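In: could you work out the structure for the sequence below:
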Amino acid sequence: MAYAALVSLAQLLDQILDHDEHTNYFLHQFKSLSQSTLSLLNFLDDYPGEAALLQVRITTAANQSEDTIERHISDQISESSDLYWQKLYGSLRESMEETDSILKEVKQVKRSSSSESTEHSSGSFSPRLAPKRKNNAVLGLEEDAMKLKDRLCGEFKNLQTIPIVGMGGVGKTTLARYVYDDPLIVHHFDVRVWVTISQKYSIRLILLDLVSFIGASNKDLYESKGDVLLVEYVYKYLKRRRYLIVMDDLWNTNVFDDLRMTFPDDSNGSRILITTRLLDVASYADPSSRFHWVDLMNMDQSWNLLREKVFANREHCPPELEQIGKLIVENCRGLPLAIVVIAGVLRKANQTQHTWRNVARNVKGAFDGSDEQFMEILALSYTYLPHCLRPCFLYMGGFPEDHEISASKVIKLWDAEGFVKSNGSKSKNQEEVAEEYLEDLANRSLVLVVKKRFNGRIKAVKIHDLLRDLCLRKAREENFLHVINEFSVDSLKVIEKSRRLSIFSYILGGFPEVDCSCIHTLLLFQHEALHSWRSFSLLRVVDALSVIFDFYSDDIFELFHLRYLAFTFDYIQKGHHYEIPKSFSKLENLRTLIIRQFNGFYGFRAICCMPFEIWRMTQLRHLILLDGFLPNPCSETCLETLALDNLQTLSNIQGFTCSQRMLDLIPNLKKLGIIYSSDDLYEQEWSKYCLNNLVHLHKLEELKFHAMPHDYDRSDLSRNLVFPLTMKKLTLSGCNLPWESMTIGGSLPNLEVLKLKKGAFRGLEWETTEGEFCRLKVLVMDRTDPVSG
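Out: Got it, this is the predicted structure:
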């Protein structure tokens, strides 16, 4: 995975170049390596096809350079500065020489590419004509076909572009072809033309196919050097005719710009029908036209399709095969292409229960080996991905099948992995760029959006099982990610050569004693605590939220390169308070820390106490605890050296005192979650928590404020609670405020979401005030007093 390796190396080199300990000579060498890395990144972006032959060499050289640097950084403490940098440069020499050699080949590739004709460079694949229709059935898509025919033959007279959108293999081309050949459509349109556009399209070849469909016999058209005559001929032929143009499998918006002038609009009901996996292509074609989205099939549709394809010349499926057949289509997860391919396997196989059970046990194996076309069609989605999205897509294979993946989580993981290239603009940070990556994958139908936020942003996604299989296959081929479903002797070889591991199996006796020095990522979904982390010296990511640790070794806090750490801990043996050790501060590169506690069957809740050294973690961006306690910085002399300028999320913090000193240390906070227990409030009044200072968090957008139930009079809370004007989302619970105090939220000019949960307010009537909540879009009231007025 060349792109991911280069971006990660570039970020590491930027960190080194920000320090001035090394001499000017070594500074020059690292600047040279940085420039070479950026040159190779530009090469991948500008010459994606030509770069394929150098992918393995680039990946190997970049990974070798990165690992060498990180190993030396880990050992830096024991070396003097000059000796350290000298040893580092010596170790890097081999990979730097290989990088120089690759750059020489890159120059040759660029020269060779520039010498080729413009015609060849624009695309080497001819648009394919539509495949002949094999039968008249379009099982499962009948309703879609009716809706499309209504739109194609509707009363709207202006030229319309109608996009059919959906993931690869969902039936877009099948649906379009069925409608295209429908007798009503044939009768309705004077001219029908079908062309299939490839990723590397040639406008001239598309125009020639249009001319050929029209039936032109003018030899001069085919021999003309320019495209003007072709455009003119097609335009004149279509003029004053009602036409239907089907453009199948679009990947690029430039096609419309290149062909727009070819299609006249005579207000006679002409239509352009396109199929694409990409939402941006669909919306670009005609922003005013609504998409026709093709969904996955339900169980009944899936079974009918399989039965029709397998038993086309019979009336019924044998009763003894029906139950097994339904299990097979269930494993196909509603994807028509998978069902059709499996049907081909079953149609050629013996129609026995034994044979069908074998297929049902391993549906994926049935089509992986029997119909390469199926995998090639799915693989197109990966082949045509921009380099920046490829590692993000393959990473999705590291999550369990049918797993609902939090958008917030995967964005943080991509950033920690080093997949996200800075866009060079201060207006967007790397996590915002990563969110755009996720949106792009969704628009390409490579992930399924299962939850959205009120503002349309993605909240959670899933990946179709078959696309996940594609991820895993490509990830293995490129040694990008390995999944261990069950532990075996072969797993040892996988572990030793892997940079990223996703573990779904319980390994008895803990992690095996093998060389783990190359591993950068551990995604643990079923495992026990590791007895020691010392062999994982290059770890960047540890995600173990799905695993309950009843203990952990403190040497995890010595993993200098760790950027993302998330785990669930069983505090039952730790008493009411549990303190994170001071060695935690050694994680100087940590960006995200998530600690959850397992309550077991006892409902036990302990407080996770962070050490004072937390205020020295300058790279920390997200701190999410349940429940957590932050120490109050108390030393005036240390104040200048303590700050969490990068902190954006601080969640589930117990008894948080909003002193001015505390808030000065978190000036860029965007999300805050604070909890006040009954014990906190018996000890002191609300005024002691300085909640009115929240107004000084000038970048705060989301606040969750929770007070535990008790008998303490909270009437003074409203007098001590002031929110910043930047607030967009507010969640209150247990506050027991009178409804007259609602003005503290109603006066916020940017508030879009208000959630009032159990005990947030008291009283039977909420009398609203005109002019308040001017931008509110979502109001949630859960177990609070009835409201009227």
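In: P391 is in contact with Y3, correct?
Out: Yes. Using C-beta atoms under 8 Å, Y3 makes contact with P391 at a distance of 6.5 Å. Every C-beta, even on glycine, is put in place using the N, C-alpha and C of the backbone.
In: pLDDT weak spots in the stretch 451-600 of the chain?
Out: 488-489, 506-515, 527-531, 550-552, 571-576, 598-600 (pLDDT under 70).
In: can you give me the strands for it?
Out: For the stretch 451-600 of the chain, the strands defined by DSSP state E, counting those that start in this stretch cover 458-462, 482-484, 500-503, 521-524, 541-549, 564-570, 577-579, 592-598.
In: can I get those strands in JSON lines including distance to V294 and mean neighbour count?
Out: Shown next, in JSON lines, are these (distance: least, C-beta to C-beta, whole Å; neighbours: other C-beta atoms under 10 Å):
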{"stretch": "strand 458-462", "distance to V294": "17", "mean neighbour count": "19"}
{"stretch": "strand 482-484", "distance to V294": "30", "mean neighbour count": "21"}
{"stretch": "strand 500-503", "distance to V294": "31", "mean neighbour count": "23"}
{"stretch": "strand 521-524", "distance to V294": "32", "mean neighbour count": "22"}
{"stretch": "strand 541-549", "distance to V294": "33", "mean neighbour count": "19"}
{"stretch": "strand 564-570", "distance to V294": "37", "mean neighbour count": "21"}
{"stretch": "strand 577-579", "distance to V294": "52", "mean neighbour count": "13"}
{"stretch": "strand 592-598", "distance to V294": "37", "mean neighbour count": "20"}
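In: ok, which of those strands comes nearest D182?
Out: D182 lies closest to strand 458-462 among those, at 33.9 Å (C-beta to C-beta).
In: partners of the closest one, with directions?
Out: When pairing is defined by DSSP bridges, strand 458-462 lines up against strand 405-406 (antiparallel), strand 448-452 (antiparallel).
In: which residues touch that strand?
Out: When contacts are defined by C-beta atoms under 8 Å, 6 or more residues apart in numbering, strand 458-462 is touched by residues 402-408, 410, 435, 438-439, 441-442, 447-453.
In: check stretch 94-108 too.
Out: If you take C-beta under 8 Å, 6+ apart as the criterion, stretch 94-108 is touched by 29, 32-33, 36-37, 39-40, 43, 54, 57-58, 60-62, 64-65, 68.
In: next one: the closest residue to Y676 other than its chain neighbours, what pLDDT does it get?
Out: Spatial nearest neighbour of Y676, excluding adjacent residues (C-beta to C-beta, 6 or more residues apart in numbering): A707 at 4.7 Å. pLDDT, A707: 86.
In: could you report the neighbour count for A707?
Out: The local packing of A707 (other C-beta atoms under 10 Å) involves 24 other residues.
In: give me phi/psi at it?
Out: Dihedral angles of A707 (phi, psi; degrees, to the nearest 10) stand at phi -120, psi 130.
In: give the contact list for it.
Out: 675-676, 681, 714, 717, 733-736, 759.
In: list the contacts of stretch 328-337.
Out: Counting by C-beta under 8 Å, 6+ apart, 140, 167-171, 174, 295-299, 301-303, 305-306, 338-339, 342, 346, 356, 359-360, 363-364, 374, 377-378, 464-466 sit against stretch 328-337.
In: so the spatially most central residue of the chain, which state does it fall into?
Out: Centroid-nearest residue in the chain: L438, 3.6 Å away (criterion: C-alpha atoms, centre = their mean). Secondary structure state of L438, per DSSP: H, G, I helix; E, B strand; the rest coil, is helix.
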